[in-house]
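*Asks:* how would this look folded up:
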Amino acid sequence: MNSFRKPVIKRFVRDFATIQLGFAFFAFAIAIVIRANIGATSWAVLEVALAGMVNITPGTAAVMVGATVLLLALTLREPIGWGTVANIMSIGPWEDLFLSLIPEVNANLPLQLLFLTVGVISMSLGSAIYIGVNAGAGPRDSLMMAIARTTPLDVRTARGIIESTVVLIGWMLGGPLGVGTILFAILIGPGIQLAFRLFNMETYARKNLKQPSP
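*Replies:* Model prediction:
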C-alpha cells in the first residue's frame, strides 16, 4: 500500500509544480500584453473591463470569469480534471503578481511590440508546459468542448463564437481591445505549435491539443 501511495504522491507533487510553472508563464504573458497598452489578450479584454467596473484586480476578475465558465461547462456535463480547478485558482494570482512588477508602456511602439512578442513566447511556452501535464483542460477549453459536443458546431466554430463574444462584450464594457489583441490572436497558434516542437510534443499535439484561450 505504501509503495503504491508514495509514487502517486511524488508524481502529483511533480505535476503540480510543473503545471504551476506553466501557469506562471501563461499569466506573465497576459500581464505583459496588458502593460503593452496596445490591446489585451481576448479574455483579458473582458476581465480588465470587469475589474474596472467593480474595483477589483484583473487577476481576481480572471478567477471569477474562469469559475463562471467552468460552471457553464459543468452544466453541460463536460468532464474536468484537477488541473482545470488549478487553472482557475492559480493564473489570476500569478497575473496580479506580474502586473505589480511590470511597468506600463505608453507612446513607445517598438517597446510595446517587444512586450507583445514576449507575451506570445511566454504564453506559447506556458501552454505547452501545462497541457503536457495532462491534468485536465482549462475552463475555457472545457466550455468550448462542451458546446461542440452538445450542438451541431465543430470545435473551431465553437471556439470562434466564444472568443468573438468575449471580446465584443469586453470591448462594449470598456476593455482594452486594440491591434495587439488581433496580432496576439494571429501569432499564438503558431507560437504554441513551435513550443510543442521544442518540447518534442508534436504527436501529442496532433492528438490532443485544443489551443488554449489566452
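
*Asks:* What is the subsequent helix or strand relative to the longest helix anywhere in the chain?
*Replies:* Assignment by DSSP state H gives helix 2-36 as the longest helix of the chain. Going down the chain from helix 2-36, the next helix or strand is helix 42-54, by DSSP states H and E.

*Asks:* got a list of contacts for that next one?
*Replies:* By CB atoms under 8 Å, 6 or more residues apart in numbering, the surrounding residues in contact with helix 42-54 are 30, 33-34, 39-40, 56-58, 60-62, 64-65, 140, 163, 166-167, 169-171, 173-177, 181, 184-185, 213-214. Heads up, the C-betas are built off the backbone N, CA and C, glycines and all.

*Asks:* Any of those buried? List them.
*Replies:* 30, 33-34, 39-40, 57-58, 60-62, 64-65, 140, 163, 166-167, 170-171, 175-177, 181, 184, 213-214 (16 or more other CB atoms under 10 Å).

*Asks:* Helices of the chain, start to end?
*Replies:* Using DSSP H, helices in the chain cover 2-36, 42-54, 58-75, 82-101, 109-133, 139-150, 155-172, 179-198, 202-208.

*Asks:* In TSV, list those along with mean pLDDT.
*Replies:* Listed next are these as TSV, based on pLDDT from 0 to 100:
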stretch	mean pLDDT
helix 2-36	85
helix 42-54	94
helix 58-75	93
helix 82-101	94
helix 109-133	91
helix 139-150	84
helix 155-172	87
helix 179-198	85
helix 202-208	49
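
*Asks:* Please tell me I have it right and Val167 contacts Leu177.
*Replies:* Yes - here Val167 reaches Leu177: they are 6.3 Å apart, a contact under CB atoms under 8 Å.

*Asks:* nearest spatial neighbour of Leu143, skipping sequence neighbours?
*Replies:* Ala73 (4.5 Å; CB to CB, 6 or more residues apart in numbering).

*Asks:* Now do the contacts for the one you found.
*Replies:* Ile80, Pro139, Ser142, Leu143, Met145, Ala146.

*Asks:* how close does the last one get to Arg35?
*Replies:* The span separating Ala146 from Arg35 equals 33 Å under the rule CB to CB, to the nearest Å.

*Asks:* Near Gly189, how many residues? Count them for me, please.
*Replies:* 11 (other CB atoms under 10 Å).

*Asks:* Please apply the same query to Met145.
*Replies:* 19.

*Asks:* OK, contacts around it?
*Replies:* Met145 touches Ala73, Glu78, Ala137, Val155, Ala158, Lys210, counting by CB under 8 Å, 6+ apart.

*Asks:* Turn the residues you listed into TSV, columns for distance to Gln112.
*Replies:* TSV is the format used below for the contacts of Met145 (distance: CB to CB, whole Å):
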residue	distance to Gln112
Ala73	34
Glu78	37
Ala137	31
Val155	32
Ala158	32
Lys210	30
